[in-house]
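*Asks:* Pasting the sequence and the predicted model now:
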2 protein chains.
Amino acid sequence: MENFSQTEENYLKAIFKLSERDDKPASTNAIAGEMSTSAASVTDMLRRLAEKGLIHYEKYRGVALTEKGSKLATGLIRKHRLWEVFLLEKLRFSWDEVQDMAEQLEHIQSPELVERLDDYLGRPKFDPHGDPIPDADGNFTFRKQVFLSALNPGEAGAVVGVNDHSPAFLQYLDRIGIKLGAHLSIAERFDYDESVRVLLGEANEQVLSKKVSQNLFIQKF
Amino acid sequence: MENFSQTEENYLKAIFKLSERDDKPASTNAIAGEMSTSAASVTDMLRRLAEKGLIHYEKYRGVALTEKGSKLATGLIRKHRLWEVFLLEKLRFSWDEVQDMAEQLEHIQSPELVERLDDYLGRPKFDPHGDPIPDADGNFTFRKQVFLSALNPGEAGAVVGVNDHSPAFLQYLDRIGIKLGAHLSIAERFDYDESVRVLLGEANEQVLSKKVSQNLFIQKF
DNA sequence: TACAATTTTTAGATTGGTCTAAAAATATTT
DNA sequence: AAATATTTTTAGACCAATCTAAAAATTGTA
Ligand SMILES: [Mn+2]
Ligand SMILES: [Mn+2]
Ligand SMILES: [Mn+2]
Ligand SMILES: [Mn+2]
């Protein structure tokens, strides 16, 4: 397999993420936003990625990954998430600290290393944020989950993932005692601001804002 | 601390290695050889590195690292060797496989990661090839060692390092049963081709070529 | 449907890293 | 010391990745 630059790889990941989000071609502007770069730079790069057969690109029409591009992006996500597990499980970093390091580690080129790492970590299926880790063939484990905001009073479930990966949000969750696997049930929903009162575990009651409830993935019991 | 490109970092390492080897300024050609690039490219890069205060550079006079450049190079070597230990000890790679991966991993930017990794590995003082791992302050553990070729018949010691890091040499050592820590003594020296007959451990006798004996570091008993 | 707003692309420039070929400086040999 | 060989630098070019400003295309609205 050819090698690609870290920049090219980051573009592929960005396009993958955007297509996954909306399930339609990613726009130049959206990619520019995701990559914190100018639209002009994106157009340049799209031309190059198309030339290398990594994306389908028609001027003004947005872009989608080709099979090849998709395989590559999935591989990057696999590496990113495995390294996150390593940093958390083995080096004892917390879930709000791993992003920047994984962002670099995902570009290490060595198929053998990825497989050994996967083995060493016990072939985890999810990363520290609850995101699925694709297997070596690029298959994601699917999990039935809903936003906390979609639960009705009386319903209960386990926290299985976060939608917002920002350190600020993750640290907030640490602070109020919510971590992956935590059990909770909806005690009350306030129409006023769409906040919810939840019972966490046995005896910990908290009111969570609408924003928070829209960023927590719950697997219903 | 500013960040430098992987290329700049690799140049610093090359210069460090060359200065260490001869203890005098590194020449443009020597660096070009080390980096597998043209002398013209090296001259270009030297100008840039000098501008950034990483090297002392006078046209036609060769180059030496500044304090700043030396600190940086030492940090890279620290990372490189720690990652090698990780790959060997944790991921079970062999000593002839780790070079390429460590060459990439050494560029991961995160001081915290290095320290955690060091901790995780039990603060090793030497890497899988017997090379000393500098501590966080850049201090190398010094070890009294000689080339096997410098030993006389009757003398004995332990193999503590290799001078040649090529997979071919390391695989050869694996093949004839020499690994770090192995005990050996000189049974006989042949003037004809400067090869030596050594006793390895209890009962394993081998004749080693001049070339091999010049690439093994021995700590005398 | 025409005009305005927005998005996207193009044009032209810059920086880092590389190359080959030629010129200049240094080192070696006679 | 002069001639020759070697090393190093310069000149000029190329590619990847980026930028700003301007032009072109598309989309939304009156
Ligand atoms: Mn990345
Ligand atoms: Mn994650
Ligand atoms: Mn390297
Ligand atoms: Mn080593």
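*Replies:* It's in. Numbers count the residues shown, from 1 in each chain, chains lettered A, B, ... in the order given. Ligands and ions are numbered 1, 2, ... in the order given.

*Asks:* distance of A:Gln214 from A:Leu208?
*Replies:* According to Cβ to Cβ, to the nearest Å, A:Gln214 and A:Leu208 sit 10 Å apart. (Glycine included, C-beta is placed from N, CA and C.)

*Asks:* Could you tell me which residues touch both of the two?
*Replies:* Contact criterion Cβ atoms under 8 Å, 6 or more residues apart in numbering or on different chains; residues shared by A:Gln214 and A:Leu208: A:Leu148.

*Asks:* more neighbours, those two?
*Replies:* More neighbours surround A:Leu208 than the other of A:Gln214 and A:Leu208, with 23 against 15 (other Cβ atoms under 10 Å in any protein chain shown).

*Asks:* Specify the beta-bridge partners of the closest residue to the more buried one other than its chain neighbours.
*Replies:* Excluding its sequence neighbours, the residue lying closest to A:Leu208 (Cβ to Cβ, 6 or more residues apart in numbering or on different chains) is A:Val196, at 5.5 Å. Assessed by DSSP bridges, A:Val196 has beta-bridge partners A:Arg189, A:Leu208.

*Asks:* Could you measure from A:Val196 over to ligand 4?
*Replies:* Distance of A:Val196 to ligand 4, computed by Cβ to the ion, to the nearest Å: 55 Å.

*Asks:* Could you check how many residues crowd around that residue?
*Replies:* A:Val196: 22 neighbours (other Cβ under 10 Å).

*Asks:* go on, A:Val160?
*Replies:* Neighbours of A:Val160 (other Cβ under 10 Å): 18.

*Asks:* shouldn't it be in contact with A:Gln145?
*Replies:* Yes. Using Cβ atoms under 8 Å, A:Val160 is in contact with A:Gln145, at 5.6 Å.

*Asks:* what residues are shared contacts of the two?
*Replies:* A:Phe217, A:Ile218, A:Gln219.

*Asks:* Buried ones among those residues?
*Replies:* Using 16 or more other Cβ atoms under 10 Å in any protein chain shown as the burial test, those include A:Phe217, A:Ile218 as buried.

*Asks:* Pipe the shared contacts of A:Val160 and A:Gln145 into JSON lines and attach pLDDT per row.
*Replies:* Formatted as JSON lines, the shared contacts of A:Val160 and A:Gln145 follow (pLDDT from 0 to 100):
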{"residue": "A:Phe217", "pLDDT": "98"}
{"residue": "A:Ile218", "pLDDT": "98"}
{"residue": "A:Gln219", "pLDDT": "97"}
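
*Asks:* quick one: which of the shared contacts of A:Val160 and A:Gln145 is nearest to B:Phe86?
*Replies:* Taking Cβ to Cβ as the measure, B:Phe86 lies nearest A:Phe217 of the shared contacts of A:Val160 and A:Gln145, at 32.4 Å.

*Asks:* how does chain A divide up, domain by domain?
*Replies:* Taking automatic domain parsing as the criterion, chain A consists of the domains A:6-65, A:77-142, A:146-220.

*Asks:* First-to-last residue distance for the longest one?
*Replies:* The first and final residues of domain A:146-220 sit 8 Å from each other (Cα to Cα, to the nearest Å).

*Asks:* Could you do stretch A:97-117 as well?
*Replies:* End to end - Cα to Cα - stretch A:97-117 spans 20 Å.

*Asks:* Could you check it against ligand 2 for contacts?
*Replies:* No. Interface with ligand 2: stretch A:97-117 contributes nothing (Cβ under 5 Å from the ion), its closest point being 7.0 Å away.

*Asks:* What residues sit buried inside that stretch?
*Replies:* Neighbour count says stretch A:97-117 has A:97-99, A:101-102, A:104-108, A:110, A:113-114, A:116-117 buried, by 16+ other Cβ under 10 Å.

*Asks:* filter these by proximity to ligand 3?
*Replies:* Okay, of the buried residues of stretch A:97-117, nothing touches ligand 3 (Cβ under 5 Å from the ion).
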